[in-house]
Structure formats: structure tokens, C-alpha cells
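Sequence first, predicted coordinates after that:
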Amino acid sequence: MKHFLKETDFTAPELAEVFARAREFKRNRGRPGPGVLAGQTWAMIFSKSSTRTRVSFEVGIHELGGHALFLNRNDIQLGRGESIEDTARVLSRFVHGLIVRTHGHGDIMRLADASSVPVINGLTDFLHPCQILADAFTAAEHWAGPGGDLVAALKGRKIAFLGDTRFNMANSWILGASLFGMKISLAGPKGFEPGPEIQAQLKYEGRKADYHFTTDPAEAVAGADLVYTDVWTSMGQEEEAKKRVAQMKPYAVTAKLFAAAKPDALFMHCLPAHPGEEVEQAVLDNPRCVIFDEAENRLHVQKAIMAALAESARK
Ligand code: CP
Ligand code: NVA
């Protein structure tokens with residue numbers, strides 16, 4: 001069974017296919033579609049809050065002719081201790097696909113192992129692959145132009161990732177960059193070097209990732225085509241908020257720092273943003289800030305991901 005738990009679950013040709021399809025879905029939005037999920041129900045098990053992921057998947061499933069079933073973890077028996085494996089086995093008898101947002105990446109791997117329907121990672125503490133594919137697609141749209149080669153447009157480009165360089169978004173960009181042929185410079189406080197999990201993942205997959213960690217934000221943004229940041233306090237880290245804000249202050253994306261990237265560099269943020277914290281309002285107001293394109297593209301790209309998995313499950 002094909003799942004999408006990490007960026008590299010798609011091969012390079014599959015990724016090109018997902019991007020091409022996302023572009024078609026975007027172009028033809030509102031016109032009757034191929035209904036690739038017609039007659040299907042996809043369940044979404046969420047253990048954390050969500051605006052973009054929840055809405056883009058629910059809307060996307062509907063637009064593909066399917067039915068979305070939103071299940072808050074605490075509303076189902078999983079929240080009362082039913083095992084991940086039994087939950088996966090039972091839901092596999094009812095639905096055609098599962099989208100999961102949870103804490104531990106190991107939990108989603110266990111769920112996928114026990115599931116006989118495709119599982120999509122809607123964010124774990126380790127990775128957020130749907131976001132990365134939508135972000136890369138967004139950057140590629142800008143760089144390739146209408147009709148241009150989206151995958152080729154990413155090759156050799158440099159990303160600067162600032163702030164929390166040791167959590168899901170940074171990890172996912174490291175893995176994604178290795179798939180897209182991009183370079184990534186990460187700037188964060190001492191102690192926030194990319195952790196052993198992402199290094200082990202790269203090693204396990206035998207992948208060479210062109211990434212570099214520095215504590216100097218200016219060094220990271222120099223020559224960058226894309227400046228990226230994420231919240232400093234992720235879901236589940238609320239108790240550390242005060243400490244993290246103090247540690248990460250030098251890594252805020254200010255207008256001055258953004259100006260040190262390439263003159264046509266894009267600014268991205270997975271959102272939700274905290275203006276005045278990890279990013280200055282002036283950067284959010286810059287015409288090269290493409291955060292709402294990124295958010296919209298979650299819909300188109302995830303429709304393409306679901307279509308690919310649904311087709312693969314039919315084979
Ligand atoms: N970027 C993102 O995943 O947003 P949500 O937490 O709102 O889903
Ligand atoms: N790092 C953030 C991403 C939110 C989309 C979090 O995990 O809360």
C-alpha cells in the first residue's frame with residue numbers, strides 16, 4: 001500500500017506527476033472534475049489544531065467527489081486507549097484513505113503499517129510533507145512561469161530557513177530539498193542544529209542533502225532565493241514559549257534581513273504567523289511574500305496527492 005508519510009515517499013517522476021496534476025486542478029477549479037474519489041470516504045484523525053490542513057483536505061476531498069469524515073482523536077476510542085493498530089484495521093474496513101495529524105512520527109508509521117488504505121501525514125513533530133510539497137510547488141510556479149517546467153525550476157535554488165531549525169518544518173525542508181535538488185542553509189540558536197532523527201532518515205534512505213547549519217542569520221540568507229520561517233513555539237511546546245522567544249529573537253525575519261537575500265527572493269511561512277515575533281509585519285506586506293499562495297496551493301497539491309494514492313490503491 002502506498003502511503004505519503006514523508007516527502008521522499010514519492011519518487012522524482014511521481015513528484016513531477018503530482019505537480020503537473022496540481023497545476024491542472026488549479027487551472028480547472030470550479031469546472032466539473034474527474035471525480036477520482038467518487039463514492040469514497042476519507043477519514044481525517046487529528047490530535048492537534050488545524051485551519052489550513054483540515055479545510056484544504058475537507059474541501060479537496062469534496063471537490064474530487066468524495067466524502068470527508070473529520071475525527072478528533074478525543075472523540076474516537078483512540079483517545080481512550082484503543083490501539084493505533086486496531087484503529088487502523090477498523091477504519092480500513094470503512095474508508096478509502098486516512099489523513100492523520102499527530103505528535104509522534106512513530107505513531108503514524110504504526111498506523112500506516114496496520115492500514116490497508118493509503119495514509120497521508122497531515123503533520124507530525126518530525127515532518128510536514130504536504131506543506132513542503134505545496135511550498136515547493138508555489139516557489140516553482142513563481143520561478144517557472146506559466147507552462148514552465150516546475151521540477152526543473154527548483155533545481156540548484158537556495159533556501160534560507162530561520163528560527164526553529166530542529167523541528168518538523170526544518171526537517172521536512174531538509175528532506176524535501178534533497179528530493180528537489182535544492183540547497184538549504186538553516187540559521188538558528190546553538191543547540192538547534194538539525195537533530196539525529198533527520199540525519200538518521202537521510203542515512204537510511206542513502207540520500208545526500210545539501211544542507212548547512214549556522215548560528216549567523218546573515219550567512220544563511222546571503223544569496224537565498226527563498227527565505228522561510230516557522231513559528232518559534234510549535235504545537236505541544238507551549239510550556240517552553242518564553243524561553244524559545246528569547247533564544248530565537250536574533251533569527252526573526254526582519255525587512256533588513258530579507259533585503260540581504262537575492263533581490264527577487266520570495267518569503268514563505270507555513271502559517272499561522274506571529275507578526276512581530278518570527279517575522280516582521282513589513283516582510284508580510286512585501287509583494288514577494290507569497291504566504292497565501294502557499295496556503296491556497298495546499299488544496300491543489302493535496303488533491304493531486306490523494307489522486308495519486310487512490311489510483312495506486314486501485315491497482
Ligand atoms: N500550515 C498548516 O499546516 O496550518 P494548519 O496548522 O492551520 O493546518
Ligand atoms: N511547526 C509548526 C507548524 C504548524 C503548521 C507546529 O508544529 O506547530
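Nice, I can see it. Residues are numbered from 1 along each chain as shown. Ligands and ions are numbered 1, 2, ... in the order given.

isn't Glu85 right next to Arg110, touching?
Yes: here Glu85 reaches Arg110: they are 6.4 Å apart, a contact under C-beta atoms under 8 Å. (C-beta placed from N, C-alpha, C; glycine too.)

Who has more neighbours out of the two?
Set side by side, Glu85 and Arg110 show more neighbours around Arg110, with 16 against 13, by other C-beta atoms under 10 Å.

Please identify the helix or strand for that one.
Take DSSP states H and E as the rule and Arg110 turns out to sit in helix 105-114.

Which parts of the stretch 151-300 of the chain are helices?
Ranges of helices within the stretch 151-300 of the chain are 168-180, 196-205, 217-221, 241-248, 255-259, 281-284, 291-314, based on DSSP state H, counting those that start in this stretch.

Convert stretch 107-123 to CSV, retaining C-alpha atoms only.
Only the C-alpha atoms of stretch 107-123 are listed here, as CSV (Å, rounded to 0.1, in the frame of the first residue of the first chain):
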residue,chain,number,x,y,z
ASP,A,107,2.6,6.6,15.7
ILE,A,108,1.7,7.4,12.1
MET,A,109,4.2,4.8,10.9
ARG,A,110,2.5,2.2,13.1
LEU,A,111,-0.9,3.3,11.8
ALA,A,112,0.2,3.1,8.2
ASP,A,113,1.7,-0.4,8.8
ALA,A,114,-1.6,-1.7,10.1
SER,A,115,-3.7,0.1,7.5
SER,A,116,-4.9,-1.4,4.2
VAL,A,117,-5.8,2.0,2.8
PRO,A,118,-3.5,4.9,2.0
VAL,A,119,-2.3,7.1,4.9
ILE,A,120,-1.3,10.7,4.5
ASN,A,121,0.8,12.6,7.0
GLY,A,122,-1.0,15.9,7.9
LEU,A,123,1.9,16.9,10.3
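
So for that stretch, what gets flagged as buried?
Neighbour-count burial for stretch 107-123, counted by 16 or more other C-beta atoms under 10 Å, picks out 107-112, 114-115, 117-123.

Please identify which of the residues you listed is nearest to Ala218.
Sorting those by how near they are to Ala218, with C-beta to C-beta, puts Leu123 at the top with 30.2 Å.

Is that closest one in contact with Arg54, as I believe?
No: contact between Leu123 and Arg54 fails when scored by C-beta under 8 Å: they sit 10.6 Å apart.

quick one on the thing from earlier: determine which stretch of the helices of the stretch 151-300 of the chain is the most buried.
The highest mean neighbour count among the helices of the stretch 151-300 of the chain belongs to helix 168-180 (a mean of 25), with neighbours defined as mean count of other C-beta atoms under 10 Å.

so how far is Phe4 from Lys26?
Distance from Lys26 to Phe4, counting by C-beta to C-beta, to the nearest Å: 19 Å.

neighbour-wise, which of these two wins?
When neighbours are counted by other C-beta under 10 Å, Lys26 and Phe4 differ, and Phe4 comes out ahead with 25 against 17.

ok so, going back, can I get the helices of the stretch 151-300 of the chain in JSON lines including mean pLDDT?
Putting those into JSON lines (pLDDT from 0 to 100) gives the following:
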{"stretch": "helix 168-180", "mean pLDDT": "97"}
{"stretch": "helix 196-205", "mean pLDDT": "97"}
{"stretch": "helix 217-221", "mean pLDDT": "98"}
{"stretch": "helix 241-248", "mean pLDDT": "97"}
{"stretch": "helix 255-259", "mean pLDDT": "98"}
{"stretch": "helix 281-284", "mean pLDDT": "98"}
{"stretch": "helix 291-314", "mean pLDDT": "97"}
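
Quick one: closest of those to Thr233.
With C-beta to C-beta, the closest approach to Thr233 among the helices of the stretch 151-300 of the chain belongs to helix 241-248: 4.3 Å.

Give me the pLDDT for the most centrally placed residue in the chain.
Using C-alpha atoms, centre = their mean, the residue of the chain that lies closest to the mean C-alpha position is Gln131, 2.1 Å off. What the model reports as pLDDT for Gln131 is 98.
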